[in-house]
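Enquirer: structure of the sequence below:
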Amino acid sequence: METLYNGFTLEIPEGAFPLSTDSMVLAHFARLPKNARVLDLGSGCGTLGTLLCAREDSCRVTGIELSESAHLAALENIRRNGLGSRLESICADLRQIPERIPAGSFSCCVSNPPYFSGGPGSKLLLARREDGCTLEDLLKSAAWALKYGGDLFLVHRPERLGELLRRAGPYQLEAKRLCLVRHRPGTAPNLILLQLRKGGKPGLTWEEWNLTDETGNPTAVYREVYHI
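Expert: Numbers count the residues shown, from 1 in each chain. Coordinates of the predicted model:
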């Protein structure tokens, strides 16, 4: 059982994707409008949805998750945290979103997607493998679900940034904010955080976060991310 902030908890079953730095920094990076309607693409056991509901008391989050076991865990986390009116989980393939969700239904999308190529024989967790969700699948689904002017917030590996920007363009998703996340100053970024706006005008702002200082102590950003 993971203890979050504001009294919320998260139960992650064995074999599921754990609560990670990726999810924590993404939840902190996402800027939600008041009364945001959020779609979590590849929502797992409800991690991002629970984090966002713990932070923003007016948002409502819908999660789309392919794994039935993760979906069932999400339902239990929703029940345990009393979030039945604000957080829901749908067990479905996000590639089916155009068949299940009216276009432009959401003000924001969030995603902690798979980072690595895999395949049925891969030893990686399904949540880490792109055979169930490619970047193309993710961007296409987000563009369909977002209203004009809505934002997609995602976390990914730095080496995939060029591909992300290249693939986002045809879906009218314009990069507006980029954050490089490092564990320690002077090292290569471990993660990138990206905000893409549907129909956005060109103009990119740049941020850098170091989670620890030169001596390994938590920085102010780290304490904000983890609500310490």
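
Enquirer: and the helices in the chain?
Expert: Along the chain, counting by DSSP state H, helices occupy 21-29, 47-55, 68-80, 97-100, 135-145, 161-168, 220-225.

Enquirer: now do the fifth one: everything it contacts.
Expert: Same thing as helix 135-145. 39, 41-42, 94-95, 97-98, 101, 103-106, 109, 111, 113, 152, 154, 160, 163-164, 167-168, 171-173, 196, 198 (CB atoms under 8 Å, 6 or more residues apart in numbering). From N, CA and C alone the C-beta is placed, and that goes for glycine too.

Enquirer: list the contacts for Ala74?
Expert: Here Ala74 is in contact with Ser43, Gly44, Cys45, Gly46, Gly49, Gly63, Glu65, Ser89 (criterion: CB under 8 Å, 6+ apart).

Enquirer: hmm, the fifth one is touching Glu65, no?
Expert: In this case it means Gly49. No. Shown here, Gly49 and Glu65 do not form a contact pair, counting by CB atoms under 8 Å, at 10.2 Å.

Enquirer: find residues that contact each of these two.
Expert: Common neighbours of Gly49 and Glu65 (CB under 8 Å, 6+ apart) are Ser43, Ala74, Ser89.

Enquirer: tell me the pLDDT at the residue lying closest to the last one once chain neighbours are set aside?
Expert: Leaving out its chain neighbours, the residue that sits closest to Ser89 by CB to CB, 6 or more residues apart in numbering is Ala74, at 3.8 Å. Ala74 is assigned a pLDDT of 96 by the prediction.

Enquirer: that'll do, ta.
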